[in-house]
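>>> Sequence and predicted model, in that order:
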Amino acid sequence: MPVPSTPAPMVFTLNPLGPTAAEITGLDCARPMAPEALRALKRAYLTYPVLIFRDQVLSAPELAAFGRLFGPLETYQRPTADAHRPPLACLRQSDARTTPDQMLFLHPEDSSVLVMTNEALPDLAAIAVVDNAECWHSDASHKAEPYQAIAVYVLQNPASGGDTEFCDLRRIYEALPAADRKLLAGLTAAHHWSKSLNPRFAGALDDTARQEGGRIAATIPQAHQPVVRTHPETGRPALYLSPRFTLSIDGAAPDASQAILDELFALMDDPRYCYRHRWRDRDLMIWDNCCLNHRVRGYPANDVRRRHRITIGGDRPYYRAA
Ligand SMILES: [Fe+2]
């Protein structure tokens, strides 16, 4: 497809949907963006870490070009024939699931775009499984250098359900009593992908999931992340914890660690700190993975929820006292 030479108009309309999210209208994200529009967009993004663009028509390369406006994209390799890949059901815990696992497939047109869906797509190369997306998490916080941002473009929504909820970890941190903020500042916590290591899941795994969790635990190191994370661009502090990936607070006795985490995780369910997005087809969204947790709300496993997804690479999280 030829790339249009005329930049998209500079002016767009920002419609705040609360303190965490804003809807942008008047911008065609498939077209190159004028520098003034991009600067205004990035200012909006640093205030509203969820930005939604309605009614977009984007090819996979156009989605990737949009993502590169925000930073370098992660790229993905086709798995080798002998690479271990967990089958769809392998990580599934035995109860309390409200969303089906989603598979990530390489997009044939662009190595930075993944097709994320709960369908079987036998013609595409599957590279990973997203399980337990209904549990609060920040993508890849179990890696030393987690993603800075995620963008998704909706191809198909289920007829009901499948909303994504975002929890604003800046606002939770700022609402904590000063003594709690002081207690948490400078602490670190262990994060890991394996549910076998996570006391919130370990007791609810079936045998297959326990074996797979053990394999993952033995092959991937823990990441130790700041409990309070300084935003790399704004300097604004936010909690950096999630029930899906955070195992424990480093240096704390197990009971004390879990009690602190329980209290903080409970705040994530408080609607005052959340934005819930009801998706429409052709929605484009980018969210700041440094200061938000997200989760997918339930939808029927026999319906389809399909997106194109890109991830913008990030640096090692840190805490810096104000
Ligand atoms: Fe996620």
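Sure, I can see it.

>>> make it CA atoms for all contacts and neighbour counts henceforth
Fine.

>>> Return, as residue ranges, the portions of the stretch 1-150 of the chain with sub-threshold pLDDT.
1-10, 81-97 (pLDDT under 70).

>>> could you pull out the helices for it?
35-47, 60-68 (DSSP state H, counting those that start in this stretch).

>>> Return the set of buried residues in the longest helix along the chain.
Using DSSP state H to define each element, the chain has its longest helix at helix 254-268. Within helix 254-268, the residues scored as buried using 16 or more other CA atoms under 10 Å are 257, 258, 261, 264, 267, 268.

>>> what packs against it?
helix 169-175, strand 246-249 (3 or more CA pairs under 8 Å, 6 or more residues apart in numbering; DSSP states H and E).

>>> can you list contacts of the first one?
For helix 169-175, the external contacting residues (CA atoms under 8 Å, 6 or more residues apart in numbering) are 181, 236, 237, 238, 239, 240, 267, 268, 273, 291, 292, 293.

>>> most surrounded residue in those?
residue 292 (28 neighbours; other CA atoms under 10 Å).

>>> show me what contacts that one?
Counted by CA under 8 Å, 6+ apart, residue 292 has contacts 49, 138, 166, 167, 168, 169, 170.

>>> so which of these comes closest to residue 110?
residue 138 (24.4 Å; CA to CA).

>>> Find the nearest non-adjacent residue to that closest one, please.
Spatially, and ignoring its direct neighbours in sequence, residue 138 is nearest to residue 293 (4.8 Å; CA to CA, 6 or more residues apart in numbering).

>>> what does residue 221 give?
residue 192 (7.6 Å).

>>> dump the residue contacts of the closest residue to residue 315 other than its chain neighbours.
By the measure of CA to CA, 6+ apart, the closest residue to residue 315 outside its immediate chain neighbours is residue 145, 5.0 Å from it. Contacts here follow CA under 8 Å, 6+ apart; on that basis residue 145 touches 313, 314, 315, 316, 317.

>>> one more time with 6 Å, if that's ok
314, 315, 316 (CA atoms under 6 Å, 6 or more residues apart in numbering).

>>> All the strands of the stretch 51-200 of the chain, residue numbers only.
102-107, 110-117, 126-130, 149-156, 164-168, 188-191 (DSSP state E, counting those that start in this stretch).

>>> Return the angle between stretch directions for the fifth one and helix 254-268.
I take that to be strand 164-168. Angle of strand 164-168 versus helix 254-268, following axes from the mean of the first three to the mean of the last three CA atoms, to 10 degrees, is 110 degrees.

>>> and if you look at the second one?
With the same axes, to 10 degrees defining the directions, strand 110-117 sits at 90 degrees from helix 254-268.

>>> Show me what strand 110-117 pairs with in its sheet, parallel or antiparallel.
Next to strand 110-117 in the sheet, as set by DSSP bridges, lie strand 102-107 (antiparallel), strand 306-312 (antiparallel).

>>> Kindly reformat the ones you listed as TSV containing distance to residue 209 and mean neighbour count.
Formatted as TSV, those follow (distance: least, CA to CA, whole Å; neighbours: other CA atoms under 10 Å):
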stretch	distance to residue 209	mean neighbour count
strand 102-107	16	22
strand 306-312	25	25
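
>>> Could you dump those strands into a markdown table and include distance to residue 33?
Shown next, in a markdown table, are the strands paired with strand 110-117 (distance: least, CA to CA, whole Å):
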| stretch | distance to residue 33 |
| --- | --- |
| strand 102-107 | 24 |
| strand 306-312 | 18 |
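
>>> Can you tell me which of those is nearest to residue 74?
strand 306-312 (5.7 Å).

>>> So which residues make contact with the closest one?
71-74, 113-117, 147-156.

>>> what about burial for those, which qualify?
Applying 16+ other CA under 10 Å to the contacts of strand 306-312 flags 73, 113-117, 147-156 as buried.

>>> what's the closest of those to residue 231?
residue 148 (10.1 Å).

>>> follow-up on the earlier one: what confidence value was assigned to the residue nearest to residue 138?
We have a pLDDT of 98 for residue 293.

>>> For it, name its beta-bridge partners.
residue 167.

>>> how near is residue 229 to residue 174?
12 Å (CA to CA, to the nearest Å).

>>> With residue 187 instead?
17 Å.

>>> Equivalent analysis for residue 49, please.
16 Å.

>>> Those two: who's more crowded?
Ranked by neighbour count (other CA under 10 Å), residue 49 and residue 174 place residue 49 first, with 23 against 14.

>>> what sits against that one?
Residue 49 neighbours (CA under 6 Å, 6+ apart): 20, 287, 288.

>>> Would you mind confirming that the first one is in contact with residue 47?
No: using CA atoms under 6 Å, residue 20 is not in contact with residue 47; the gap is 7.6 Å.

>>> Same drill for these two, tell me which one is more crowded.
Under the criterion of other CA under 10 Å, the comparison of residue 20 against residue 47 puts residue 20 first, with 24 against 14.

>>> With adjacent residues omitted, what lies nearest to that one?
residue 48 (4.8 Å).

>>> and that neighbour, how many neighbours?
20.

>>> Can you tell me how far it is from residue 132?
26 Å.
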